[in-house]
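Chemist: only the shape, not the letters, is given here:
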């Protein structure tokens with residue numbers, strides 16, 4: 001009986017290999033040849049799954065962005081079902097910040113791919129769409145938490161949203177240079193101070 005090949009899983013495996021190579025050696029380390037060798041494919045076999053390096057990089061970029069939204073909140077899923085507005089905001093903010101080794105590594109891969117995306121219009125547009133959805137969702141969660149605390153109409157929610165998203169991106173940059181997680185607790189403290197400000201406790 002012929003072996004059944006899960007082509008979707010093969011694609012996911014190739015993407016994970018690309019991430020690992022980028023993490024270890026930067027963008028230039030993820031060549032078609034090195035990805036094929038690391039994934040256990042013969043030369044040229046990758047083209048059954050991806051036509052070239054650009055398509056692998058695009059899929060890897062999408063995969064890393066998806067890791068920043070594990071609950072699918074940016075696709076319309078409830079980011080924290082059953083929780084009060086403040087907890088929903090806290091969970092969403094903490095999901096975006098790199099606290100674990102896996103999250104820090106995902107951020108490091110994303111930073112490498114950002115540089116490539118700057119000169120690739122399709123990848124740049126992909127990130128702009130992601131950022132727009134992320135900012136819209138965060139603005140809504142901030143508004144819900146603030147208004148639930150009785151601060152309706154007193155805050156520029158969109159500006160606060162941009163503030164926390166900028167801090168999240170900055171956290172990934174910081175952790176690129178500090179992979180030992182030495183700033184994790186600092187960002188946890190920052191998160192709590194931000195939320196306290198949103199709900200009017202400070």
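Modeler: In hand now; what should we look at? Quick caveat: nothing in here was measured; it's all calculated off a predicted structure.
Chemist: please make it C-alpha for all contacts and neighbour counts, starting now.
Modeler: Will do.
Chemist: show me which residues of the helix or strand bottoming out on mean pLDDT in the chain are buried.
Modeler: Least confident element among the helices and strands of the chain, by mean pLDDT, DSSP states H and E: helix 101-117 (a mean of 87). The neighbour-count check on helix 101-117 (16 or more other C-alpha atoms under 10 Å) flags 103-114, 117 as buried.
Chemist: again, but for stretch 183-202
Modeler: Residues of stretch 183-202 classed as buried under the neighbour-count rule (16+ other C-alpha under 10 Å) are 184, 187, 191, 194, 195, 198, 199.
Chemist: could you find the closest non-adjacent residue to the residue nearest the centre of the chain?
Modeler: With distances taken as C-alpha atoms, centre = their mean, the chain has residue 68 as the residue nearest its mean C-alpha position (2.9 Å). The shortest distance from residue 68 to any non-neighbouring residue, by C-alpha to C-alpha, 6 or more residues apart in numbering, is to residue 96 (5.6 Å).
Chemist: wouldn't the one you found be in contact with residue 69 here?
Modeler: Yes - the pair residue 96 and residue 69 qualifies as a contact (C-alpha atoms under 8 Å) at a distance of 7.4 Å.
Chemist: report the separation between the closest residue to residue 181 other than its chain neighbours and residue 151.
Modeler: In space, not counting the residues next to it along the chain, residue 181 is nearest to residue 175; the distance is 6.8 Å by C-alpha to C-alpha, 6+ apart. From residue 175 across to residue 151, the span is 34 Å (C-alpha to C-alpha, to the nearest Å).
Chemist: between those two, which has more neighbouring residues?
Modeler: Per other C-alpha atoms under 10 Å, whichever of residue 175 and residue 151 has more neighbours is residue 175, with 22 against 15.
Chemist: please identify the helix or strand for that one.
Modeler: Counting by DSSP states H and E, the secondary-structure element that holds residue 175 is helix 157-177.
Chemist: and for residue 21?
Modeler: Residue 21 belongs to helix 7-25 when elements are defined using DSSP H and E.
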